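Colleague: sequence plus predicted model, see below.
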Amino acid sequence: MEFREKLNTRSRPLVFVYVEAILCSPNDTYIIVEAVYVVLTTNRVGPTMRKVVRHVATTCAVQDVLYDGQKLASMPGGWQLLMDAVGLAELTTRPTGATQMTLAYAGFENLVRLLPTELSVPVLPQGMFREVRLPQAGLFRYGRDPIPEVRLFNNPAIPFVSAGGDAPPTAMGIYYGATRRLESVPRAEQVRALRQLGL
């Protein structure tokens, strides 16, 4: 099945997202991209830190906005919203049949390990050998993660690949919310999909 065909799913009614000057009704289909960067490492025994950068995009069914039955060229203005609120005009939507991707979340998490697991001995506290998530400042996030429980990093079914050079290991997956199924995107499709997402 082609990548674009996988994205065409039934939309949920009455939940809308403004994307530029387009009204979208989000689907339960999400595209997840995660890249892993090594931030801190030493040639000696000591702490290590990795940063997992995460982007979650959603597909949505594009809608036309109608003001008293006439299609608007842009989003409704304050006057049109007021007229609709008091009942002197009617704002409605109509599906166009088109599907579009929109970025729902962009952020990262820092993972720190004080000592490598190879040095684990019963005398030392085991917490020193575990990888711990550091809290993330909201300043460096865009949006709210719609599926925080679905992770690619540390998931054995999802391969991380690197383009070589300084490129970080990156994975891409499609999550179908209705069936709770996560699929890996084939490497050949990843490059095209990442370009569509602007990543």
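Modeller: Done, it's in. Values in this document were obtained by computation on a predicted structure and should not be read as measured data.
Colleague: for whichever strand in the chain runs longest, buried residues please.
Modeller: Ordering each strand of the chain by length in residues (DSSP state E) puts strand 91-113 first. Within strand 91-113, the residues that count as buried by 16 or more other CB atoms under 10 Å are 99-107, 109-111, 113. All C-beta atoms are positioned from the backbone trio N, CA, C, and that covers glycine.
Colleague: equivalent analysis for stretch 50-64, please.
Modeller: 50-63.
Colleague: adding pLDDT, distance to T92 and secondary structure, write those out as JSON lines.
Modeller: Putting those into JSON lines (pLDDT from 0 to 100; distance: CB to CB, whole Å; DSSP: H, G, I helix; E, B strand; the rest coil) gives the following:
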{"residue": "R50", "pLDDT": "87", "distance to T92": "49", "secondary structure": "strand"}
{"residue": "K51", "pLDDT": "90", "distance to T92": "45", "secondary structure": "strand"}
{"residue": "V52", "pLDDT": "92", "distance to T92": "42", "secondary structure": "strand"}
{"residue": "V53", "pLDDT": "92", "distance to T92": "40", "secondary structure": "strand"}
{"residue": "R54", "pLDDT": "93", "distance to T92": "36", "secondary structure": "strand"}
{"residue": "H55", "pLDDT": "92", "distance to T92": "33", "secondary structure": "strand"}
{"residue": "V56", "pLDDT": "92", "distance to T92": "30", "secondary structure": "strand"}
{"residue": "A57", "pLDDT": "89", "distance to T92": "27", "secondary structure": "strand"}
{"residue": "T58", "pLDDT": "87", "distance to T92": "23", "secondary structure": "strand"}
{"residue": "T59", "pLDDT": "82", "distance to T92": "23", "secondary structure": "strand"}
{"residue": "C60", "pLDDT": "82", "distance to T92": "18", "secondary structure": "strand"}
{"residue": "A61", "pLDDT": "81", "distance to T92": "15", "secondary structure": "strand"}
{"residue": "V62", "pLDDT": "82", "distance to T92": "15", "secondary structure": "strand"}
{"residue": "Q63", "pLDDT": "83", "distance to T92": "10", "secondary structure": "strand"}
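Colleague: closest to L82 out of those residues?
Modeller: Comparing those against L82 with CB to CB picks out Q63 as the nearest, at 20.9 Å.
Colleague: which ones are touching T170?
Modeller: V33, E34, A35, V36, F160, V161, S162, A163, Q190 (CB atoms under 8 Å, 6 or more residues apart in numbering).
Colleague: all set, thanks.
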